[in-house]
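*Asks:* This is a predicted model, with the sequence first.
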Amino acid sequence: MGEEAPGNPAGLESTSLEALREEESSLIGLLRVLLSGKTLPHLVLIGVLSATFQFLASTGNDVQSALGFLSLSGGYFLTGLMAGVGPVQRWIQLSEQAEPSTSGRAKEVVLSFRICVFPLVMAVLVYAALQVLVGRQGALGDLTSALPLVLSSCFVVWAIVQGRGFGRWLASLSASRLPDSEPRDEELSLVSTLVPLSILLFLVSVLLIGFEWLADSSTSPADGLVSNAAFYAIVLLVFALAWRRSQAARLRASSRADFHRFSNRWMLLTQLMISWHLLTVWRHWAIAPVGALLFVEEFLLMIFTVVMAIWGLTSKSYRSSLRLVNAQNALPMGLAFGYAYAGSVAMLTTVLEDVRNVMMAGHLVVVLTFLWMQPRLLLATMGGMEATERIKQVVSEAIPAPEASTLPESDADTNPVVEQEASETPEQNPVAHPPVTSDDETSAGADSKGDAIGEDVSWTEPEVLANDVAWDDDEIELLD
């Protein structure tokens with residue numbers, strides 16, 4: 001985290017509403033980087049190679065497919081680590097002049113894929129290392145048959161990453177265009193529950209009727225709603241659970257206008273995402289899903305998951321002390337995650353007899369992740385914001401009304417501590433009053449000092465003390 005300007009404690013917060021609004025703009029910037037023409041061949045390559053290895057897995061070559069996905073993931077990961085070293089950055093992206101034109105010639109397009117050579121070389125090195133370690137003659141024995149199972153089991157991890165990434169994005173949307181932080185009555189009205197519930201049930205009904213019609217065009221809307229009554233019961237139960245768990249956080253947020261609006265948006269958006277994942281699970285279990293539609297849905301979900309994972313690693317709130325991801329290597333790191341995610345999905349379709357069970361488990365993991373995040377993010381955001389405001393208030397109150405720069409020079413140089421010490425008696429402050437040589441001088445000096453204290457505000461003796469006395473830690477301790 002960079003240094004903040006003096007007197008600006010806002011930089012101390014990490015989960016405030018301001019930080020969430022900044023993350024929304026950082027997501028747009030990340031999409032521009034990922035979709036830039038200078039790196040477009042990498043995105044084309046991941047689509048082609050993922051489809052190729054998916055085909056290999058479906059034809060019984062699941063081990064080679066797993067090795068291919070792992071090698072590509074490791075190759076792009078190594079590329080990301082070396083993105084800031086020497087000429088590597090120039091090797092993995094096109095220059096402004098070298099970008100292929102939109103009309104494009106075939107030769108120009110083919111030559112643009114030269115930026116993929118370095119990551120592919122790194123992937124070959126990773127493939128060789130895997131063969132040395134877990135190949136038929138590997139140092140750890142022949143473990144290649146376990147690679148598909150290991151890669152497919154990572155799908156649960158990707159589901160957690162997906163839930164956290166999507167949740168952070170929804171939080172940034174909820175923090176945009178909030179009202180002023182005006183106090184309001186702390187209460188939870190019935191309207192704040194019924195409105196989101198009505199919106200939720202309406203959208204769920206529309207999607208459910210649409211999926212029923214795709215599965216069987218002869219199904220009427222009324223029949224579709226009646227046949228899925230159990231799903232509505234599940235949605236209502238999960239809604240009640242989410243509202244109950246977040247009740248304390250929502251009640252606390254209702255005391256301020258900005259927190260109240262943020263809380264309502266956050267709960268509605270996350271509940272919509274939860275219901276969508278529940279609907280996907282229900283479709284796998286109770287509705288015959290359309291194969292092409294399911295493939296498109298999972299493919300789009302993979303793309304969004306990859307983007308959200310990169311954004312989560314590069315955003316301020318998720319930035320770790322290791323700082324593995326930055327603006328220079330965001331694309332290769334994201335592609336490394338993308339190959340691993342695509343490989344886990346491909347292995348699920350071949351290693352397991354019924355991939356739908358695992359897909360449903362992944363969606364349920366996302367649901368649980370959202371339920372866990374709902375109250376925690378609300379409390380963390382409000383706590384960070386309130387702490388920052390308290391710091392601002394303490395700093396503003398600690399500044400004295402007349403600043404030293406605005407005072408006269410004689411007053412600014414006066415030390416109030418010295419004035420207070422000089423007013424003490426010689427017995428109380430032996431260091432501040434040096435001994436006199438005679439009784440006459442003592443009485444004369446006492447009288448003159450007494451007159452100066454009573455009649456003249458301008459002190460001369462403190463100035464002498466300030467010039468002659470060497471102030472160090474021990475003497476200051478003695479004065480105290």
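*Replies:* Yes, it's here.
*Asks:* quick one, phi psi at F113?
*Replies:* Per-residue torsions, F113: phi -80, psi 0 (degrees, to the nearest 10).
*Asks:* ditto for the one 4 residues further on
*Replies:* Phi and psi for V117, reported as degrees, to the nearest 10, are phi -70, psi -50.
*Asks:* repeat for D142
*Replies:* The phi and psi values for D142, taken as degrees, to the nearest 10, are phi -80, psi 100.
*Asks:* Would you confirm that it contacts R136?
*Replies:* Yes - taking CB atoms under 8 Å as the definition, D142 is a contact partner of R136 at 5.0 Å. (C-beta placed from N, C-alpha, C; glycine too.)
*Asks:* For S192, which non-adjacent residue is spatially closest?
*Replies:* N264 (6.0 Å; CB to CB, 6 or more residues apart in numbering).
*Asks:* Can you get me a residue count around that neighbour?
*Replies:* Neighbourhood size, N264 [other CB atoms under 10 Å]: 18.
*Asks:* Helix or strand for it, just tell me which one.
*Replies:* Element membership for N264 (DSSP states H and E) is helix 257-286.
*Asks:* just checking, what packs against that helix?
*Replies:* helix 155-174, helix 191-215, helix 229-245, helix 247-253, helix 355-398 (3 or more CB pairs under 8 Å, 6 or more residues apart in numbering; DSSP states H and E).
*Asks:* Which residues belonging to stretch 207-224 are considered buried?
*Replies:* Residues L208, I209, F211, E212, A215, T219, G224 are the ones in stretch 207-224 that count as buried (16 or more other CB atoms under 10 Å).
*Asks:* Ignore what I typed, I meant stretch 257-275.
*Replies:* Buried positions in stretch 257-275, judged by neighbour count with 16+ other CB under 10 Å: 257-271, 273-275.
*Asks:* Could you do stretch 156-172 as well?
*Replies:* Residues 158-159, 161-172 are the ones in stretch 156-172 that count as buried (16+ other CB under 10 Å).
*Asks:* cool, stretch 357-367 as well?
*Replies:* V358, M359, M360, G362, H363, L364, V365, V366, V367.
*Asks:* Any chance of CSV for the residues you listed, columns distance to Y76?
*Replies:* Output for those, formatted as CSV (distance: CB to CB, whole Å):
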residue, distance to Y76
V358, 25
M359, 25
M360, 30
G362, 23
H363, 27
L364, 30
V365, 25
V366, 25
V367, 30
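*Asks:* Lowest-confidence one in those?
*Replies:* Minimum pLDDT across those is recorded for V358, with 69.
*Asks:* rewinding a little: want to throw the buried residues of stretch 156-172 into JSON lines with pLDDT and distance to R283?
*Replies:* What follows is those, written out as JSON lines (pLDDT from 0 to 100; distance: CB to CB, whole Å):
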{"residue": "W158", "pLDDT": "77", "distance to R283": "20"}
{"residue": "A159", "pLDDT": "79", "distance to R283": "17"}
{"residue": "V161", "pLDDT": "78", "distance to R283": "23"}
{"residue": "Q162", "pLDDT": "76", "distance to R283": "18"}
{"residue": "G163", "pLDDT": "82", "distance to R283": "19"}
{"residue": "R164", "pLDDT": "81", "distance to R283": "24"}
{"residue": "G165", "pLDDT": "78", "distance to R283": "23"}
{"residue": "F166", "pLDDT": "81", "distance to R283": "19"}
{"residue": "G167", "pLDDT": "85", "distance to R283": "22"}
{"residue": "R168", "pLDDT": "80", "distance to R283": "26"}
{"residue": "W169", "pLDDT": "82", "distance to R283": "24"}
{"residue": "L170", "pLDDT": "87", "distance to R283": "22"}
{"residue": "A171", "pLDDT": "87", "distance to R283": "27"}
{"residue": "S172", "pLDDT": "85", "distance to R283": "29"}
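*Asks:* Show me which of these is closest to M347.
*Replies:* W158 (12.0 Å; CB to CB).
*Asks:* which residue packs closest to the closest one, ignoring adjacent ones?
*Replies:* That would be Y341: by CB to CB, 6+ apart, it lies 5.2 Å from W158.
*Asks:* quick revisit: is it possible to get TSV of the helices and strands packed on helix 257-286 that adds distance to G47?
*Replies:* Converted to TSV, the helices and strands packed on helix 257-286 look like this (distance: least, CB to CB, whole Å):
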stretch	distance to G47
helix 155-174	18
helix 191-215	25
helix 229-245	34
helix 247-253	42
helix 355-398	21
